[in-house]
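In: Sequence plus the predicted model coming up.
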Amino acid sequence: MQKIVYYGYNESVLDFLKIGINNNTKLYFNWQINDTDIQDEINNLVECSRLLSPNFYFYINETVNWDEIDMMLLSIDVDRDNFAQKNSWIQKVVTEAVANGFNGIVVLDSNKDYLLINEILKYTGLSSRQVLGLGTSIESEVVARMVAKKLGINSNYIQTSVIGTRDKSFVLWSKGRVAEASLMSLIVQEKNMFSIKNMQEISKEYKGLAEKTRKLIFSSVLNKILMAMDTSEQFIITLVHSRNEEIESYSSPVLVGKMGVIELIKVNYTEDEQDALNEVKKAINDELDRYKLR
């Protein structure tokens with residue numbers, strides 16, 4: 001059974017909990033909460049879990065045995081005005097957990113996860129495989145579902161990645177897969193199963209659709225990470241992670257398993273994709289300067 005300690009607040013996490021309770025998912029979830037405004041709603045969920053879900057162990061502000069925890073999940077949105085304060089809070093929370101025996105995976109659910117990841121690594125002593133950001137994982141899932149709809153198949157057979165950040169990103173079409181086939185190979189087939197026009201439409205629409213469906217898709221992305229941590233199965237997921245050879249951290253495909261990131265998937269970009277990646281890196285570097293992080 002996976003054990004999660006959660007800090008922050010996100011309605012998507014509430015939906016994740018409701019789905020888990022309804023499905024009687026085998027999970028330990030300890031919400032460290034300070035916001036009294038939402039305490040009643042959370043207490044109701046705890047009561048529901050006790051009544052309906054014997055396998056779902058849901059607690060509020062339970063004392064944490066950090067050496068038993070598999071994942072620390074942090075939801076936090078930041079802007080220029082509160083970045084220093086929020087960054088300091090994250091460092092404090094994670095550093096205290098590590099000092100008390102935590103050696104699991106930190107998952108950041110944040111609009112600026114690509115800036116915060118290296119800060120966590122800098123101050124906590126955790127390895128780069130242990131600190132992940134959800135980044136564009138939801139956008140990547142949205143693209144997979146849009147492609148699946150065009151092809152009339154289940155999205156589980158589609159592998160697509162959206163590279164970059166939630167603010168600046170692009171679809172890595174050249175590495176898209178449909179089962180064992182290249183997505184691009186479908187374009188040149190006589191049946192014209194997938195077209196350049198389809199690609200252009202999806203590239204134009206995926207960001208807006210991701211924002212509309214973020215709450216719905218969050219659970220499937222988080223469950224995929226948990227499944228990789230809990231079984232011998234490994235998954236390629238598009239996540240933010242530290243890139244030791246680069247200053248910038250951004251979302252790209254990684255192989256995730258029991259211990260977090262097992263492998264960074266090497267990507268050979270097309271010329272157009274490399275240009276788009278350079279724009280992503282420039283935007284990140286501008287933010288690194290703006291937030292004085294180097």
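Out: Good, I have the coordinates. Numbering: from 1, shown residues only.

In: can we go C-alpha only for contacts and neighbour counts from here?
Out: Will do.

In: Can you pull the phi/psi pair for the spatially most central residue of the chain?
Out: Most central in the chain under Cα atoms, centre = their mean is residue 134, positioned 1.7 Å from the mean C-alpha point. Here is the backbone geometry of residue 134 (degrees, to the nearest 10): phi -70, psi -30.

In: mind listing what it touches?
Out: Neighbour list for residue 134: 107-110, 113, 238-240 [criterion: Cα atoms under 8 Å, 6 or more residues apart in numbering].

In: where exactly do the helices run in the protein?
Out: 11-22, 39-52, 83-99, 113-124, 137-151, 183-187, 196-230, 271-290 (DSSP state H).

In: Can you get me the centre-to-centre distance for the fourth one and its chain?
Out: Its chain's C-alpha centre lies 15 Å from the corresponding centre of helix 113-124 when counted by Cα atoms, centre = their mean, to the nearest Å.

In: repeat for the last one
Out: For helix 271-290, the gap between its own C-alpha mean and the chain's C-alpha mean amounts to 20 Å (Cα atoms, centre = their mean).

In: repeat for the second one
Out: The gap between where helix 39-52 is centred and where its chain is centred comes out at 26 Å by Cα atoms, centre = their mean.

In: Pull out the C-alpha coordinates of that helix and format them as CSV.
Out: The C-alpha trace of helix 39-52 is given here as CSV (Å, rounded to 0.1, in the frame of the first residue of the first chain):
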residue,chain,number,x,y,z
GLN,A,39,-11.8,21.6,7.2
ASP,A,40,-15.5,20.7,7.3
GLU,A,41,-15.5,19.4,3.7
ILE,A,42,-12.4,17.3,4.3
ASN,A,43,-13.8,16.0,7.6
ASN,A,44,-16.9,14.8,5.6
LEU,A,45,-14.6,13.0,3.2
VAL,A,46,-12.7,11.3,6.1
GLU,A,47,-16.0,10.1,7.5
CYS,A,48,-17.1,8.8,4.1
SER,A,49,-13.8,6.9,3.8
ARG,A,50,-14.4,5.3,7.2
LEU,A,51,-17.9,4.2,6.3
LEU,A,52,-17.4,3.2,2.7
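
In: For it, which helices and strands make contact with it?
Out: helix 11-22, strand 56-60 (3 or more Cα pairs under 8 Å, 6 or more residues apart in numbering; DSSP states H and E).

In: Give me the contacts around it.
Out: So helix 39-52 is contacted by 18, 21-22, 24, 33, 56-60 (Cα under 8 Å, 6+ apart).

In: just to revisit the earlier point, would you mind putting the helices and strands packed on helix 39-52 into JSON lines with mean pLDDT alongside?
Out: Below are these laid out as JSON lines (pLDDT from 0 to 100):
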{"stretch": "helix 11-22", "mean pLDDT": "91"}
{"stretch": "strand 56-60", "mean pLDDT": "93"}
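
In: ok, residue 31 touching residue 7?
Out: Yes: Residue 31 lies in contact with residue 7 (Cα atoms under 8 Å); the separation is 6.3 Å.

In: tell me the contacts of the residue lying closest to residue 229 once chain neighbours are set aside?
Out: Nearest residue to residue 229, sequence neighbours excluded (Cα to Cα, 6 or more residues apart in numbering): residue 258, at 3.7 Å. Shown in contact with residue 258 (Cα under 8 Å, 6+ apart): 228-232.

In: Mind doing that once more with 7 Å?
Out: Listed by Cα atoms under 7 Å, 6 or more residues apart in numbering, the contact set of residue 258 reads 228-230.

In: Please identify which of these is nearest to residue 175.
Out: residue 228 (21.8 Å; Cα to Cα).

In: Quickly note the distance from that closest one to residue 151.
Out: 27 Å (Cα to Cα, to the nearest Å).

In: Okay, and which of the contacts of residue 134 map to strands?
Out: 107-109, 238-240 (DSSP state E).

In: what about the least confident helix or strand in the chain by mean pLDDT, distance to the chain center?
Out: Across the helices and strands of the chain, mean confidence by mean pLDDT, DSSP states H and E is lowest for helix 183-187: a mean of 78. When C-alpha coordinates are averaged (Cα atoms, centre = their mean), helix 183-187 and its chain have centres 27 Å apart.

In: number of nearby residues for residue 205?
Out: Neighbourhood size, residue 205 [other Cα atoms under 10 Å]: 13.

In: Run through the residues that contact residue 21.
Out: Residue 21 neighbours (Cα under 7 Å, 6+ apart): 49, 53, 56.

In: mind checking pLDDT for residue 87?
Out: We have a pLDDT of 92 for residue 87.

In: of the contacts of residue 134, closest to residue 162?
Out: Nearest to residue 162 among the contacts of residue 134, with distances taken as Cα to Cα, is residue 238, at 7.1 Å.
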